[in-house]
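Engineer: pasting a predicted model and its sequence here:
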Number of protein chains: 2
Amino acid sequence: MDNKKIEKISRALSDTNRIAILQQFKKRKDCLYCAEVNDLLDLTQPSVSHHLKQLVDADLLLPQKEGRNLKYVLNQEVLDEYIASLNDLKS
Amino acid sequence: MDNKKIEKISRALSDTNRIAILQQFKKRKDCLYCAEVNDLLDLTQPSVSHHLKQLVDADLLLPQKEGRNLKYVLNQEVLDEYIASLNDLKS
DNA sequence: TTTGAATATTTAAATGTTTCGATGTTTCGT
DNA sequence: ACGAAACATCGAAACATTTAAATATTCAAA
């Protein structure tokens, strides 16, 4: 994983709202609906949409349309690659 | 590690200059001098000082004064805690 | 003890991020 | 087809970050 990608993922993770979103994947089943995120965060719908976009743009979340609903899945592979890059910093 | 701490470390990692600093620890011995970082990055001294401060404030780097020089050591424990928090996101 | 080298701080400009209200788009029910 | 629900986008305000020039601090060495 190159440094630009590490930067992008780190930036996506640098907000407690987005961290809270990612943590919901453990509590619920393995997918999360957009509407559930709106309930979770104390923010307006456009703000939530913005945060989800950051996570999707960083490839941490994979969006799947289901009619007019939107379902997200955690991209474990990218998360693992990111973690591997961090582990690689250690000597 | 609480979410505020994860946010802070993520933000410290969300810049390619700071990522490059951390990567130098593998290439050199296990410590890095401030002056070496000035040579490494194509930035003015105050900018480098700013980036090093971000890493120190996030506890990723431990500063040690040596006369008028400043030596940094990578804080592997905090890095490990951060990685553990990320691993914890996985289901 | 003065000088100079190494690092930090301050200030300010440019740019990026977060948030919300308003509005737009898509798609499901009726 | 129409209205409403779910989500996205736009525009703007508030705030944070990045960077450099100027200046300050700290400390070793002469």
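Structural biologist: Cool, the structure landed.

Engineer: please name the residues that touch A:V73.
Structural biologist: If you count contacts by Cβ atoms under 8 Å, 6 or more residues apart in numbering or on different chains, A:V73 has them with A:D30, A:C31, A:L61, A:L62, A:Q64. Heads up, the C-betas are built off the backbone N, CA and C, glycines and all.

Engineer: nearest spatial neighbour of the first one, skipping sequence neighbours?
Structural biologist: It refers to A:D30. B:S91 (5.6 Å; Cβ to Cβ, 6 or more residues apart in numbering or on different chains).

Engineer: any idea how many residues pack against that neighbour?
Structural biologist: 11 (other Cβ atoms under 10 Å in any protein chain shown).

Engineer: again with A:K71
Structural biologist: Neighbours of A:K71 under the rule other Cβ under 10 Å: 16.

Engineer: in chain A, which spans are helices?
Structural biologist: Taking DSSP state H to define them, one finds helices in chain A at A:3-13, A:16-27, A:34-40, A:45-57, A:76-87.

Engineer: pick the most buried one from the ones you listed.
Structural biologist: For the helices of chain A, average neighbour numbers computed from mean count of other Cβ atoms under 10 Å in any protein chain shown are highest in helix A:3-13, which has a mean of 20.

Engineer: show me what that one is packed against.
Structural biologist: helix A:16-27, helix A:45-57, helix A:76-87, helix B:3-13, helix B:16-27 (3 or more Cβ pairs under 8 Å, 6 or more residues apart in numbering or on different chains; DSSP states H and E).

Engineer: re the thing from before, out of the helices of chain A, the one nearest DNA strand C is which?
Structural biologist: Among the helices of chain A, the nearest to DNA strand C by Cβ to the nearest atom of the strand is helix A:45-57 (3.4 Å).

Engineer: for chain A, what lies in contact range of DNA strand D?
Structural biologist: Residues of chain A found near DNA strand D (Cβ under 7 Å from any atom of the strand) are A:33-35, A:38, A:45-46, A:49-50, A:52-53, A:63, A:68-70.

Engineer: thinking again about what came up before, ok, the residue nearest to A:D30 touching A:K26?
Structural biologist: Yes. With contacts counted by Cβ atoms under 8 Å, B:S91 reaches A:K26, the gap being 5.3 Å.
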